[in-house]
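*Asks:* I would like to see how this sequence folds:
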Amino acid sequence: MADHDYVPGSMDVTQQKGTFSGVMKFSGYWGLPLSLALGAFFTALLRDSGLFGGFALFVVVFIFTHIGVKTFFSH
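*Replies:* The predicted model follows:
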């Protein structure tokens, strides 16, 4: 990205919409579940659930959040 010479105003509206849509889709499908799962993992560690319990909760939260986001925001 650093070697790309971007000139402000060089993208047309369809490229901007495509970039915005791609970023929002990626952040919704992967960023949100990962953030919530990391929060659940560290919360489980603080609640003295152990490393295995924290990892198990991480996986469960990540999978259910990912499925929920894909189900409700797939349009």
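
*Asks:* show me what the host helix or strand of Pro33 is packed up against.
*Replies:* Assigned by DSSP states H and E, Pro33 belongs to helix 32-46. Judged by 3 or more C-beta pairs under 8 Å, 6 or more residues apart in numbering; DSSP states H and E, the packing partners of helix 32-46 are helix 50-72. Using the backbone N, CA and C atoms, a C-beta is placed for each residue, glycine as well.

*Asks:* tell me where the model's unsure across the protein.
*Replies:* In the predicted model, the chain carries pLDDT under 70 at residues 1-6, 9, 74-75.

*Asks:* not counting sequence-adjacent ones, nearest residue to Trp30?
*Replies:* Closest residue to Trp30 apart from its sequence neighbours, by C-beta to C-beta, 6 or more residues apart in numbering: His66 at 7.6 Å.

*Asks:* and the helix holding Pro33, what's buried?
*Replies:* 32-34, 36-37, 40-41, 44 (16 or more other C-beta atoms under 10 Å).

*Asks:* from Phe20, how far off is Ser43?
*Replies:* That one is not Ser; residue 43 is Thr. For Thr43, the distance to Phe20 (C-beta to C-beta, to the nearest Å) stands at 32 Å.
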